[in-house]
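1. fold the following for me, if possible:
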Amino acid sequence: QVQLVESGGGLVQAGGSLRLSCVVSGLVLNDYTMGWFRQALGKERELIGFINWSGERITYVDSVKGRFTISRDNAQNSAHLQMNNLKPEDTAEYYCAAQRETYYSDYTSRSRYDWWGQGTQVTVSS
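-> Prediction:
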């Protein structure tokens, strides 16, 4: 049974930091790119960024560049999202997701991800 379990969310003041973790079971994580997404209330789920299986290629959306860092530890079957200088507009439910790396992969498309976590809430107060 495949499970992705996020943790580390919470309430933080603007300018603060949080580190989210995503622990994966039931998958050989080396075969998967890990993506991070978020969904604010009343909005669509949006991509934050993704990291390839080796960690050598990481992509971020412009709104989080320079503030967020994605990493992974395949030995621990986990991925992480370090969030610094948080802003109220970062308030959302945050999700990790796994997409198997194939010739047809599209890591920018949420519909192409194979497995999802349940989400963890991040609230940034002003």
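
2. quick one: what helix or strand has the residue most central in space within the chain in it?
-> By C-alpha atoms, centre = their mean, the chain has its centre lying nearest to Trp36, at 2.1 Å. According to DSSP states H and E, Trp36 maps onto strand 32-39.

3. residues of that strand that come out buried?
-> For strand 32-39, the neighbour count (16 or more other C-beta atoms under 10 Å) marks 32-38 as buried. Bear in mind the C-beta positions are built from the backbone N, C-alpha and C, glycine included.

4. could you pull out the strands for the protein?
-> Assigned by DSSP state E, the chain shows strands spanning 3-7, 10-13, 18-25, 32-39, 46-51, 58-60, 68-73, 78-83, 92-100, 115-116, 120-125.

5. who does the last one pair up with?
-> Strand pairing for strand 120-125, determined by DSSP bridges: strand 10-13 (parallel), strand 92-100 (antiparallel).

6. want to throw the ones you listed into JSON lines with distance to Lys43?
-> Converted to JSON lines, the strands paired with strand 120-125 look like this (distance: least, C-beta to C-beta, whole Å):
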{"stretch": "strand 10-13", "distance to Lys43": "20"}
{"stretch": "strand 92-100", "distance to Lys43": "8"}
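
7. deepest in the core, which of those is it.
-> strand 92-100 (a mean of 22; mean count of other C-beta atoms under 10 Å).
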